[in-house]
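Undergrad: I'll drop the sequence and a predicted model, then ask my questions.
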Amino acid sequence: MSIPYIQSTMQEVRVVDGSFISYPFIDSGDTSTKVYSLICSQLASYYNTSQIDLDTPLSDAASAGVIDLPTGWADNKAYFVGDTNHQSNVGGMLSFTRTFANIPKTTLLASGSQSYTFPGIVGSRGELSPRNIASLSMTVGTIGVTLTTSGFHDLDEGDNVNITMDYTVGTDPFIHSINGNFRVLEVPSLTTLRLDVGHYWGEQVTLSINSGSIIEGSIVRAPTAKNVSTLTRYDYILPGVTLGINNVLDVNVTPEFSAIENITGEQAQTVTDVGTTTIPSATEYRAMIAQEKNIVIESSLSVWAGNILVLTTKTCKAK
């Protein structure tokens, strides 16, 4: 009886039809990051789980551990992230997907909204001068609404105000109610001011005020939770390849924003209110709000693919 002949190349890893290159971040504007998915076939008995090491670059067929690479696939900036999708086939063959990936570019994406508790602000409210809101209007293409007060408001651009206001839009009977602290965006006159109250229109509409008042003064409050829009940054890191990062312990995860007590002779500690002895101080934090500075509200480090890590940092504007 003759001994079945096994072609020697069947013992080696062959790239077969179905291999493809994907662009996983094209929707977020990154058109250069590629993931190379090599559909491979080999005699199952010869498959070696440690044939190539993670992070090996896709420099050529030998570094990829295959007989041949598809034309144009060599990329020494793509790194091995693992073999997956192993399946047994007829004749003792094994098919699997061998994947190499570029280190993705840093991306910054809108990430919806969430509730976040901002620090309390200690201080004096100063002289409060309530004014009734006489009318309300908007202009297409200009952020916010313009309030007309019943008397001189004595406000400047960048000031903060507390308002309570009910209004309707056009002929719609639904009543919109606004209560909160807002920054003055513009002061067209001594009786008008523009605020962004979080209501936006794509066409000119008529706003009718039902009732409303405005109180000027510095922000003084207890810690307060607000629903805010967020922006998240994704930084991708491959230890041993990314400059300055030799291993995962070299990655510092950005801490969440917190106020710190700064009293000489005492151990610094986080606090829930900002005041004269904190970092930032109440004055500095009010300036952060006025300048719309971003603060970190969440951060984490996780595995993206293979040994490639992703550092996720979520931020929002100080409120």
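TA: Sure thing, it's come through. Numbering: from 1, shown residues only.
Undergrad: For the rest of this, base every contact and every neighbour count on C-alpha atoms.
TA: Noted.
Undergrad: what bridges to D235?
TA: As for beta bridges, D235 partners with L311 under DSSP bridges.
Undergrad: Give me the neighbour count for it.
TA: For D235, the number of neighbouring residues by other CA atoms under 10 Å comes to 17.
Undergrad: next one: I67
TA: Using other CA under 10 Å, I67 has 13 neighbouring residues.
Undergrad: Dig out what the nearest residue to it once chain neighbours are set aside forms beta bridges with.
TA: Among residues not flanking I67 along the chain, R14 sits closest, at 5.5 Å (CA to CA, 6 or more residues apart in numbering). Beta-bridge partners for R14, by DSSP bridges, are S41.
Undergrad: ok, R14 - contacts?
TA: 40-42, 66-68 (CA atoms under 8 Å, 6 or more residues apart in numbering).
Undergrad: Tell me, how many residues neighbour S177?
TA: Using other CA under 10 Å, S177 has 13 neighbouring residues.
Undergrad: Next up, the contacts around T148.
TA: 133-136, 191-193.
Undergrad: okay if I get those residues as TSV plus neighbour count?
TA: What follows is the contacts of T148, written out as TSV (neighbours: other CA atoms under 10 Å):
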residue	neighbour count
I133	22
A134	18
S135	18
L136	22
T191	18
T192	21
L193	22
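Undergrad: Can you name the helix or strand that the residue positioned nearest the centre of the chain falls in?
TA: Nearest residue to the geometric centre of the chain (CA atoms, centre = their mean): T232, 0.6 Å. Using DSSP states H and E, T232 falls within strand 224-237.
Undergrad: Now tell me what touches that strand from outside.
TA: 103-120, 245, 308-317.
Undergrad: List only buried entries from those residues.
TA: By neighbour count, with 16 or more other CA atoms under 10 Å, the contacts of strand 224-237 hold 103-105, 108, 118-120, 308-317 as buried.
Undergrad: got the phi/psi numbers for G158?
TA: phi 100, psi -10 (degrees, to the nearest 10).
Undergrad: Now do the same contact list for it.
TA: G158 touches 183-186, 290, counting by CA under 8 Å, 6+ apart.
Undergrad: and if we set it to 10 Å?
TA: Taking CA atoms under 10 Å, 6 or more residues apart in numbering, we find G158 in contact with 182-187, 287, 289-291.
Undergrad: what do you get for F96?
TA: Going by CA under 10 Å, 6+ apart, F96 touches 13, 15, 37-42, 83-88.
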